[in-house]
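Chemist: pasted the sequence and its predicted model underneath.
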There are 2 protein chains.
Amino acid sequence: MVFHGHLRGGEPVSPLDSVLVVGTGLIGTSVALALREHDVEVRLADLDPGSVRLASELGAGLPWSPGEGGPAFDLAVIAVPPQYVAAELLSLQRQGVARHYTDVASVKALPLAEAGRLGCDLASFVAGHPLAGRERSGPAAARADLFLGRPWAYCPAPETSPAAVETLLGLIKLCGAEAVRVAAEEHDRAVAVVSHAPHVTAAAVAARLAEAPETALGLAGQGVRDVTRIAAGDPALWTGILSGNALPVAKVLEAVAADIAAAAAALRRTAGADVPDAGAEAGMPWVTALLERGVTGTERIPGKHGGPASVYANVQVIVGDRPGELARLFQVAKEAGVNIEDVRLEHTPGLPLGAAELSVQPQAADTLIGALRAHGWHIP
Amino acid sequence: MVFHGHLRGGEPVSPLDSVLVVGTGLIGTSVALALREHDVEVRLADLDPGSVRLASELGAGLPWSPGEGGPAFDLAVIAVPPQYVAAELLSLQRQGVARHYTDVASVKALPLAEAGRLGCDLASFVAGHPLAGRERSGPAAARADLFLGRPWAYCPAPETSPAAVETLLGLIKLCGAEAVRVAAEEHDRAVAVVSHAPHVTAAAVAARLAEAPETALGLAGQGVRDVTRIAAGDPALWTGILSGNALPVAKVLEAVAADIAAAAAALRRTAGADVPDAGAEAGMPWVTALLERGVTGTERIPGKHGGPASVYANVQVIVGDRPGELARLFQVAKEAGVNIEDVRLEHTPGLPLGAAELSVQPQAADTLIGALRAHGWHIP
């Protein structure tokens, strides 16, 4: 046991000695790894014995079987797809496996309603959702630091006991995440906008690439790579998430589809082509207004460190594609006392050269540029 | 004059002594800066005298005025929005400003047709389009290396003279880009898929963020940031681009909107809600199939260095937010002889910690991990 008493200005949290993780995918195994770093006793279960074995070999804890008996865990973390959360909760509660229960599913209202319907004990359960993920899935992609500084939403039901909430807050702290209390319905509407609908939209753009001629792919730049990156995610996993948050996602997608269809109609009219839908009246000014709404939307996304979107100065440097280039570059920044807030390598297809874009505090940009130039770096 | 005779296996190119750049925005100024690095004489013109002055101060060349007279330039680069290309070409040709002409607009068929209609001399003109850009615009964002290794499409008309093509190939080589010959209509259909339609789609997703409650923005992760990044681009500039490629973009957007609307209908049906459009029959299996088409699409995007999408091994390292952290990290990689192919900092909002994701050749991953661990780095 490593986590007792009071943290963060006297907020009381429950001790967390032993945790059962049910579902050793990316999220479950990452939770387990984070807890193991704090020497919490972690046991692992999954329908797939191979997945448990791999997670266990990665240091996430020891396997557990339903029939084992023994003292109850402090907390059971149900890390299964959203559609299986309620049934799993019921099964674990009937066995009296743990004092408190939580889940990590990307949707909250439906599993919660289902748990009530199945007759689960809602006093010992707090629905939760760490806002963290990767395109890769499975225990091999897990990382103990996956939740560091990320929001971790939790949605107590009216029946939920304060002790269950405190236990979950203890877990969230051990994972290094930021607890965000939010009602289940509000959570689901929020993630529909910032995660689920963007995923479907990215897939719809990427689907065009699947059918495009080779010439088109040859002209692909960074923009379409960024827009479609998340579309590489696991279709089965995402089908479960989307099913579980179907109506909120549908509403956002309808608005997205309507805007895109209206833009298409406006462009057809601009091209002098027939527009079948006679009701559409939008022209190019409407398209401009859509683009302007888009700019406004991007400006609302919070920046690094959870604060408001901050403006770093970006310094461009030409780097070669050899070992040590970036080491030398960062050494110069270090000697100049400049902290690199972010770095992005822009690839230059076909050439052993690239541009590194270094983000720094605006007041540090000149210092960095001067230092890099003094060391022979080429800054365009 | 720096660029004569034969390059790349005997392909003959014209000498390029003097170039006029009309339009000193991001692309025009970047072309000028690239040419200046090769000591080509560059003169600059723009409707906005302030823009010319700034480009000139940045070292892009000396200002030029229409009435100046003097010997003809080898090449005039028309770097104005697509809707003004043909009129500008006509005006410059009437003055006999240059031997050859090209443009850099993101659309090709419409300006070319307009140039024909206006009676421009198509023998001395080759339409061109460097596939490079940034969210930022204007001469201050220009970079001499903007085109390094990027595709530069060119679309000779039947009337275009071989000498005009050779002159443009000389320009493309001096800018370090890869010349890609493609018919104007094929070009426009390609960029509709890989650039123009994704831009509108990103704007439609970002528009939802503009109207979303603060809670939703607080749950935003890296996915929605990537999907909406290009939506921060200049609406006026993009309105011009979209108008000029209206029909091809409309067709792609119609397919994207139809897929998204069908996904929305399937999700509504899943939620047990009424679906107004009785014709739609798609259910969750259809949504899964859309996600699968999306995965296929992302897999077709070429990777670094212009080759097929390559698979690097990704090594995760925990780094602090202090000057020198990355310098030390890259120094270790350098000493281990490992080339970092890409680096991505994953921010951890609210904490002075982050995860650096280093992409390396798969066979170098173990070496790097061993070296980093030996130096005390934490690899989850």
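Modeler: Thanks, I have it.

Chemist: sec struct for the residue most central in space within chain A, please.
Modeler: The centre of chain A sits closest to A:Ala132, judged by C-alpha atoms, centre = their mean, with a distance of 3.2 Å. A:Ala132 falls in the coil class when you classify it by DSSP: H, G, I helix; E, B strand; the rest coil.

Chemist: give me the number of residues near A:Ala87?
Modeler: 16 (other C-beta atoms under 10 Å in any protein chain shown). (C-beta placed from N, C-alpha, C; glycine too.)

Chemist: per-residue pLDDT, the closest residue to it other than its chain neighbours?
Modeler: Among residues not flanking A:Ala87 along the chain, A:Leu118 sits closest, at 7.0 Å (C-beta to C-beta, 6 or more residues apart in numbering or on different chains). For A:Leu118, the model assigns a pLDDT of 97.

Chemist: do A:Pro71 as well
Modeler: Confidence score, pLDDT, at A:Pro71: 88.

Chemist: same question, the one 3 residues further on
Modeler: What the model reports for A:Asp74 is a pLDDT of 97.

Chemist: that one is in what secondary structure piece?
Modeler: Assessed by DSSP states H and E, A:Asp74 sits inside strand A:73-78.

Chemist: contact partners of that strand?
Modeler: A:14-23, A:28, A:31, A:43, A:85, A:88-89, A:92, A:97-105, A:167-168, A:171 (C-beta atoms under 8 Å, 6 or more residues apart in numbering or on different chains).

Chemist: quick one on the thing from earlier: relative to A:Ala109, how far out is the residue nearest to the centre of chain A?
Modeler: Taking C-beta to C-beta, to the nearest Å as the measure, A:Ala132 falls 21 Å from A:Ala109.

Chemist: what does A:Gly233 give?
Modeler: 22 Å.

Chemist: what of A:Ala192?
Modeler: Per C-beta to C-beta, A:Ala192 is found 11 Å from A:Ala109.

Chemist: of those two, who's got more company?
Modeler: Comparing A:Ala192 with A:Ala109 by other C-beta under 10 Å, the one with more neighbours is A:Ala192, at 26 against 20.

Chemist: what about that one, which SS state?
Modeler: With three-state DSSP as the basis, the three-state label of A:Ala192 is helix.

Chemist: what sits closest to it if chain neighbours are left out?
Modeler: A:Pro248 (3.7 Å).

Chemist: go on, A:Ala86?
Modeler: Using C-beta to C-beta, 6+ apart, the closest residue to A:Ala86 is A:Glu114 (3.6 Å).

Chemist: can I get stretch A:200-214 as CSV, trimmed to CA atoms?
Modeler: Extracted C-alpha coordinates of stretch A:200-214, given in CSV (Å, rounded to 0.1, in the frame of the first residue of the first chain):
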residue,chain,number,x,y,z
VAL,A,200,-16.3,8.8,-38.3
THR,A,201,-15.6,11.9,-40.3
ALA,A,202,-11.9,11.0,-40.6
ALA,A,203,-12.9,7.6,-41.8
ALA,A,204,-15.2,9.1,-44.5
VAL,A,205,-12.3,11.2,-45.8
ALA,A,206,-9.9,8.2,-45.6
ALA,A,207,-12.5,6.0,-47.5
ARG,A,208,-12.0,8.4,-50.5
LEU,A,209,-8.3,7.6,-50.4
ALA,A,210,-9.1,3.9,-50.6
GLU,A,211,-10.7,4.4,-53.9
ALA,A,212,-8.5,7.2,-55.3
PRO,A,213,-6.1,6.6,-58.2
GLU,A,214,-2.3,6.3,-57.4
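
Chemist: how about it: buried residues?
Modeler: Across stretch A:200-214, burial judged by 16 or more other C-beta atoms under 10 Å in any protein chain shown covers A:200-210, A:212.

Chemist: and if you look at stretch A:225-236?
Modeler: Of all the residues in stretch A:225-236, those buried under the rule 16+ other C-beta under 10 Å are A:225-235.

Chemist: and what of stretch A:359-371?
Modeler: Counting neighbours by 16+ other C-beta under 10 Å, stretch A:359-371 gives A:359-360, A:364-365, A:368-369, A:371 as buried.
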